[in-house]
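Novice: got a sequence here, can you model it:
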Amino acid sequence: MQKQTILPLIAVGTLSSLGVGLLGPVYPIFVVNRFSASLIDLGLLYTIILLTAALVKAPAGRLVDLYGKEKIFFTGLMLGATCTLAYTFVTNILQLYLVELFFAAGYALQRPALLAFIVDASDKDKRGLFLGTFESAYDIAEALAAIISTIIVSQIGFETLFLISSSCQATTGFFVLKTTTKP
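Specialist: Numbers count the residues shown, from 1 in each chain. I've put the predicted structure just below:
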């Protein structure tokens with residue numbers, strides 16, 4: 001493992017985690033407040049996200065093999081960023097269900113590509129250490145995002161949170177393109 005590869009990859013994971021982590025703790029509040037949704041709606045929305053991601057991850061992995069991890073990761077991040085911004089414009093629960101389908105597809109594109117980055121960047125004999133370090137940084141970023149998101153929503157509102165989250169995701173995508181594109 002070389003620091004030139006490890007540090008940018010941890011930065012990508014951390015920034016990506018911030019983008020999604022900002023949504024996690026306040027998403028149910030957004031859904032209930034904006035749409036007067038029921039607990040059933042919350043459960044169904046979460047199920048849609050998980051099932052869609054599960055169904056798309058294997059084909060997404062194949063796309064990584066065909067088109068490269070950089071392009072697929074970027075595409076997933078941009079789809080996620082777009083969906084995060086779309087929360088601002090959603091006016092009913094049915095539109096939210098549709099946005100969640102696309103959001104989950106974006107997440108599903110990202111994961112196999114991110115895992116491919118990690119495997120390619122790590123030495124076989126130190127892969128566990130690298131994976132552990134990466135996951136720790138990812139979790140720390142998500143934990144910080146939870147605190148940040150509650151502060152943003154309570155002081156400013158959901159729209160600002162969605163803009164910041166979307167920006168983190170998009171920035172991650174452009175960072176990946178910049179750091180992986182060879183001159």
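
Novice: going forward, measure contacts between C-alpha atoms and count neighbours the same way
Specialist: Fine.

Novice: show me what counts as buried in the worst-scoring helix or strand of the chain on mean pLDDT.
Specialist: Every helix and strand of the chain was ranked by mean pLDDT, DSSP states H and E. The lowest is helix 3-21, at a mean of 75. Residues of helix 3-21 classed as buried: 5-6, 9-21 (neighbour count, 16 or more other Cα atoms under 10 Å).

Novice: nearest to Ala53 among the residues you listed?
Specialist: Nearest to Ala53 out of these is Val20 (Cα to Cα; 14.3 Å).

Novice: run through the residues that contact the residue of the chain most remote from its centre.
Specialist: Farthest-out residue of the chain from its mean C-alpha position, per Cα atoms, centre = their mean: Asp125, at 28.6 Å. Counting by Cα atoms under 8 Å, 6 or more residues apart in numbering, Asp125 makes contact with nothing.

Novice: how close does it get to Tyr87?
Specialist: Remark: distance between Asp125 and Tyr87 (Cα to Cα, to the nearest Å) = 43 Å.

Novice: same deal with Thr133?
Specialist: Thr133 is 32 Å from Tyr87, by Cα to Cα.

Novice: which neighbouring elements make contact with the least confident helix or strand of the chain?
Specialist: Here helix 3-21 touches helix 93-121, helix 127-155, helix 158-180, going by 3 or more Cα pairs under 8 Å, 6 or more residues apart in numbering; DSSP states H and E.

Novice: quick one: buried residues of the shortest one?
Specialist: So that's helix 158-180. Residues of helix 158-180 classed as buried by neighbour count (16+ other Cα under 10 Å): 158-173, 175-176.

Novice: no further queries at this time; thank you.
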